[in-house]
Structure formats: structure tokens, C-alpha cells
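**Student:** sequence unknown, structure follows:
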């Protein structure tokens, strides 16, 4: 293949260096000494316009990928990349910007002119270059002989889609225009999708198929396409003067009805062509990247970024604009995929996962089940193949993706009451340790839940399943791969099972697990509420408040209830709780764990940004690529455990001090770090939390950052005088804990960290206006004058009444715990 330069031409006076591009041609390098500086300003040639950063990033991505991973692309695909590098800078800019948009989407030329005319004047000319950039005759890539038959079939299907879209690789343009939309093989729906809702209504009204009421976009397109497929268009020709009879000379030029029109294939033409023409008149000129070309550049971006399928992701741009400084670490490009076949199959697996997620999100359970079961056999083969792979490489195999798809199946089986199938699949997931090892704890918990709650035909079956559940929980606790976040749930289940009367386990044989069964502290804070959630729905969602907040002033926190603060007339419920804790000598923040994540990153900096295979592939990463994967902990287990011991022994303050001094000046953009927290506060909180607590929190975040980075309690509280710290989850009237919050509270308590469940209640609530219940056979009692003029209860009497209610509630809860285990187990659900 002919060599091609990958960068813009060098300045005329700069001497080119003997460097070579990834496609084999020399790349000019600029000298530090510029000869033009010695020439008078008036004699210097006009400076060259530098290529856009978007174009620079795209060209550097191509060059970086092809230096070591050229084998992942066929000769035809390399020809497409070569064609891109030969484009003028303006056309490259438009092309690069379109690659970041939705694939196969058509764009109006007028909109592109409006968006990009500030960059250069001739946007239509650049688009025209793209539509005329034919690739010429390129060979179709031969199928790989050593590939899997199913993968080869997927590749063949992909190439067939390309041929349908643009006639194969031969003669494919980089971009398509309206001419392609006017083709007979293109339906009306694809053209109508380019119209706005108002334009669709106008077309539907013109075709007299406008649905009644307020139709949605989908309904309008459906009405027009249905109408187009049913009606046939009649052709008309004007009557000429020579052929017109003398009696009709006065009607010259009037249309004359002809026979029915037929297309090239002999089929009658319907309304489709007319509707497409009407729609295209409204849109004006359209352009889109050829779907096959767009897919190729997404694959290129995936290979370069490893995760992000965009050529110019935001973090790269922000670094080029000098808006961000990224952590300094060793960047090492590795050969992630062994062959093009492996890369294509990985991409196909990502598409399967996207379809699975869409089906689950839309509650299309039958479709989701079909997708999940379709990959089961291939997943079993990939498990065996994955055993020979290095740990970090497993993340980039279809088996890792398919494991996530398969884990969606157990809840689907449960909905169909196929509990045996659900448990069998979960046990099969547990039988391997190749993919998703960090989720093993969740699989143990799910099996235990199903066994405890869904088998109750008779006492014998129920007892048998409870015994199985008890063994599963113990097995999970003994499994070294069960992360700490799942252990409190397993321990709680063991405690419930051992208390059940059906199992009749003697007290001396029960599992000793008191440390895991601590309860959060209870705190009640009375406060004056300004308005509640129901009022907020009317006053807070875009409507001006009229209760003293000022004319036209809007609520800034949506539907949260508003309370009267100590110094401010309106505060949120968390601020009310903070003020109450401050009265007790605590300092605090409402940050939902953000300061903890900042401390975590700073004291674990060396471990997070250590040179680990497959962790840092580009210079624009705020975290290692595997931080959100379960493999993160296993790949660094020795280093993490060593750092946790150092933290436990009191080394956190020194670690934080060094990292803060080094990175704060650069405002380094690193995962979890918020530089708004002053160093003094970070050191104070670190000291109050203490070594053992910090080590416990850091281990939880290392094991499962993806699921544990959120959901921490609302408040973190510390007392510098006593060197103590605690957390508090704040709830207003009617609020309940989410599942993530429950898990975090269990994790914190199991780590011997104090947690409060703080309830903010209404102070001096108004008496209920409900009338007494009408006695049978008697008239409804009405309040007398004395009742209406009664003084409200004093604060002491009110507090006494609340205390009595709390005692009654605690007694009732104890009764439920002692005698209601069976009912709790039957009603338990995730």
C-alpha cells in the first residue's frame, strides 16, 4: 500500500527529520530554532493556520494505534484511514466532529453551518469534499481461517450490512447525501426521522393522516409510513398543443391522467416517493458519515482509548485546552487483542450487552431472556479459554461482557417462578473464577435469598431449603473472593436462619457473629418545617414561590422539603441535622462521602497510579482502566494490603500530606479528588477517623469502587478535641433508606464505625383536624367551645408523649424479632 503522511505539511523553512509515520511515510518535525524570526515582520509570509485540536487528536490516535496494533485492521480499512489523512483540514474537522455524534444519524447542512462556521467559512465545501471522497476499488478482507465459525459468521454479516448500505467496500464514500435517501430501497421512515415534530405534523396534515389529539413523534412517523405503503400514486402528464383536440384547445397545459406508475422492478409506485420528496424539501441538504466508515472509526477509538469509542473524548480535549492536568504515570501501550477476530467478537459482545441492557430497562423480559440464553454456550467455551489468559486481559474478552449479560437472567427466571433454573445458573457462575470474581458475594446472597423465601410448599421442603441456604451463607463467608460489602448480609441471613424454629439449632451451636449485627444509633431532631414535599412539587418545579421567598424566586432543590434553620429562613433537612450535631460539639459536612473519597485517593495515590499491565494506555486518564472492575484489587493485592497495613499503623497523615503538597498546585484531575476541601480540613478528618477506620474504608473502595463510590451516609462528623468521627444518614418525614444506603450502613457498622440514623421530625405539629369516629347509632360528635379554645400541649408534655410512643414502638419491634422470623423470611425480597 502506498505510504501516506499522517500530519499536516511542515512549515516550508523547517528541516524535516527522519521520522516515519505508522503508515510508512516521513513525518516532519519542527526545529526549536525558527529561521523566520530573523526576517523582518513585514517580509514574513502569513502564518499557517494550525489544525484543529479535534483533527490533531484523531491523527495522533491513528498513528498511535497503527504503530503496534496495525494487525487489527484489514487492508481495506487501512485504505479508509489513509483516505482520511489525505483530506483537507476543513473536511477532517467536519468528519471528526461527526464521528462523535450518533451513528447513522442524518444532519442538516444548515445546522452544521450554524455550528461550525465560526471555525472556518466554507462548511458546505468541506462537506462536499467528504461526499466526493470515494475510496476506489478496495479488496474485501478475506475471512480468517483460524477464527471461530460464529465469529466468522458475524464478520460476514457485518460486511453484508456494509454492502447493502453502500454497495460494498468498493467505491464507498466517506459521507452520504440526500441522493442515497431518494433511492427506491430506502423507506420513508428513515427520511421522516430527520424532521422535527412540528414538521412531521405539517407533512401529516398535508397527507391528511394527522392523528387526533397530541400525537408523539413515533405516532406521526407510523401514520405517514402506513399511509405511504397503502396508497398508489397516479402519474400525470400535461396535454401538448399538437396532440390536443380542437375542442380542448382552451385547456392546454391541463394534466392528463395516465396509467399507474411502475418502478424499475415492475412494482407500482406508492406514496413513499412523494412523502420522501416533501420531507427532503423541508430538511434541505442532508449529510451523514457512511455507517461502515463511522463504525470503523469507532473501532479505532475503542482500540486507542480501550473504553471510549470516540476519537476526541472530553478528557483529551480538556487536556489540550490546558483546562485539566492529569496524573503523571508511566504510559505503556499493550497488545490487548490477539487478532482482528478477537477485536470484532469483543465489539459484537458489546452490542449484545447494549441490547440486553435496553431490554431489561424497558422490561421486555422475554427479549432479555432470549438474548441472555443465546450467549450461554459461547460463554461456557470462553470460560475454559479464559483460564489461560493473564488476569487483566480477561476484561477485554467477550466472556467478561457475556458474564454481565448472564447475570441478568436469574431475576428473569425468578419473575417466571423458575427458581430451580435461577439457582442452577447462579451455581454455574460460582463454579468459575475467571470472570467477575468480585461479584461472587452477590451470587451467594442471591442464592440464599431465593432458598429462604421462595420454597414453602410444606414444612419439610422449607426446612430443607433453609438448611441449604445456611450452607450457602457459610460457604460465602469462607470464600476469600467474597468482598467485605457482602459479608454483613450473609451474616444477617445466618442469624435469621439460626433463630428460625424449623431448624431448631441449639444456642451453643449458633454462629458467633455479634460484631456484624450492630444497629445504627437513633437520633431524633425536632425542627420547624416551612413547607413539605407535596408543596415542593407545586412550588419547586419551575414555578415561582409565593410564600415569602420573593417574587419570581425559584426553589433550587426540586422537591426536597424545606425547614427553618438557625441562621437562614430556609434550609434542607441535612442542614437541620448538622446544626443539632454542632450543638453537641461536632464539626461536620454534608458531602455524602466526597471527602472520604478525596482522602482515599490521596493516601492511596502510589497504588492507584502504579505501573500495572493494562492500567494506563493513554496520558488522559484520571484513574486506571480497571478501577471499576473487580480485577483491580486482585491485580494489586500485595500492594494494596501493604498500604492498608501502613494506614492502620498511623501512616495516613504523612501519605496525605505528601500527596497534597505534590498535586494541589497542579489541581490534578484524579478520580474522587475534590480540591475544594482545604488541606487543614483533610488532615483533621483523617486524624479523627483513625488508622483502622481509614484502612477499612479504603479496602471497601478498592474491592468495589464501581458500586461503593456512592451511597455513603449524608453527614460525616468529627470532634477534633476527642479525635473521634462518625457518620449520620439523615431522613425527613416519610423518607426511607435505599438498598445502597443499607449496605453502606452495614459495612460501616461491621468495621466498628459509629453511624446514626437521624430523623428530623416536625416541631409542634398542628393537631389533626379529623373528627372523632362516629359511634354506631349515635350522631357524630362535634367539638365544643372548650375544645376549640384549648391551649396546645407544652413542649415537656409533647416530648413525654413522643417518648411513650418510642417505647411502644421498640417493644413491638422486639416482639417481631422474637416471634416473627417466619413472616420476615417469607416477605423478604431484594
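**Tutor:** The structure has been received and is ready for your questions. As the structure is a prediction and not an experimental result, all values here were calculated from the model. Residues are numbered from 1 along each chain as shown.

**Student:** For residue 121, give its distance to residue 371.
**Tutor:** From residue 121 over to residue 371 the distance is 48 Å, taken as C-beta to C-beta, to the nearest Å. Where you see a C-beta, it was placed from the backbone N, CA and C, and this is true even at glycine.

**Student:** Could you check which of those two has the larger neighbour count?
**Tutor:** In this view residue 121 and residue 371 are compared by other C-beta atoms under 10 Å, and residue 371 has more residues nearby, 21 against 11.

**Student:** Make sure the more buried one is indeed in a strand.
**Tutor:** No. Residue 371 sits outside any strand when classified using DSSP: H, G, I helix; E, B strand; the rest coil, being helix.

**Student:** Where does the nearest residue in space to it that is not next to it in sequence fall, secondary structure wise?
**Tutor:** Distances taken as C-beta to C-beta, 6 or more residues apart in numbering place residue 356 nearest to residue 371, at 4.9 Å, with adjacent residues excluded. Using DSSP states H and E, residue 356 falls within helix 340-361.

**Student:** Could I get the buried residue list for the strand or helix carrying residue 473?
**Tutor:** Under the criterion of DSSP H and E, residue 473 resides in helix 459-478. Of all the residues in helix 459-478, those buried under the rule 16 or more other C-beta atoms under 10 Å are 462-463, 465-466, 468-470, 472-473, 476-477.

**Student:** Report all helices and strands that that helix contacts.
**Tutor:** Under the contact criterion of 3 or more C-beta pairs under 8 Å, 6 or more residues apart in numbering; DSSP states H and E, helix 459-478 touches helix 440-453, helix 487-499.

**Student:** Just want the angle from it to helix 440-453.
**Tutor:** What separates the directions of helix 459-478 and helix 440-453 is an angle of 160 degrees, with axes from the mean of the first three to the mean of the last three C-alpha atoms, to 10 degrees.

**Student:** what sits up against helix 459-478?
**Tutor:** Residues external to helix 459-478 that are found in contact with it (C-beta atoms under 8 Å, 6 or more residues apart in numbering): 440-441, 444-445, 447-448, 451-452, 455-456, 482, 486-487, 490-491, 493-494, 497-498, 500, 502-503, 511.

**Student:** so what pLDDT did residue 373 get?
**Tutor:** pLDDT recorded at residue 373 is 94.

**Student:** so what's it closest to, chain neighbours aside?
**Tutor:** residue 409 (7.1 Å).

**Student:** Could you pull up the mean pLDDT of the helix or strand hosting residue 748?
**Tutor:** Assigned by DSSP H and E, residue 748 falls within helix 739-750. Averaging pLDDT along helix 739-750 gives 82.

**Student:** what helix or strand does residue 626 sit in?
**Tutor:** Under the assignment given by DSSP H and E, residue 626 is not contained in any helix or strand.

**Student:** Residue ranges in this structure under the pLDDT threshold?
**Tutor:** The chain contains residues with pLDDT under 70 at 1-51, 134-171, 228-270, 308-322, 513-518, 531-559, 764-830.

**Student:** Show me where it has its strands.
**Tutor:** Taking DSSP state E as the test, the strands found in the chain are 19-20, 26-27, 107-108, 175-177, 234-238, 255-260, 286-289, 521-527, 529-531, 562-563, 587-590, 715-719, 724-731, 755-762.

**Student:** Correct me if wrong: residue 423 contacts residue 447.
**Tutor:** Yes. The pair formed by residue 423 and residue 447 meets the contact definition of C-beta atoms under 8 Å, at 5.7 Å.

**Student:** Touching both of those two, which residues are there?
**Tutor:** In terms of C-beta under 8 Å, 6+ apart, residue 423 and residue 447 are not both contacted by any residue.

**Student:** about what we covered before: among the buried residues of helix 459-478, find me the one that's closest to residue 763.
**Tutor:** Distances from these to residue 763 were compared by C-beta to C-beta; the smallest belongs to residue 473, at 43.9 Å.

**Student:** Residue 130: what's it in contact with?
**Tutor:** With contacts defined as C-beta under 8 Å, 6+ apart, the neighbours of residue 130 are 87, 91, 94-95, 173-175, 287, 289.

**Student:** what about the closest residue to residue 52 other than its chain neighbours, how many residues close to it?
**Tutor:** Counting by C-beta to C-beta, 6+ apart, residue 93 is the residue found nearest to residue 52 once chain neighbours are left out, at 4.9 Å. Neighbouring residues of residue 93 were enumerated by other C-beta under 10 Å; the total is 22.

**Student:** try residue 758
**Tutor:** With other C-beta under 10 Å as criterion, residue 758 counts 25.

**Student:** in terms of contact, does it touch residue 732 like I think?
**Tutor:** No. Counting by C-beta under 8 Å, residue 758 stays clear of residue 732, with 10.0 Å between them.
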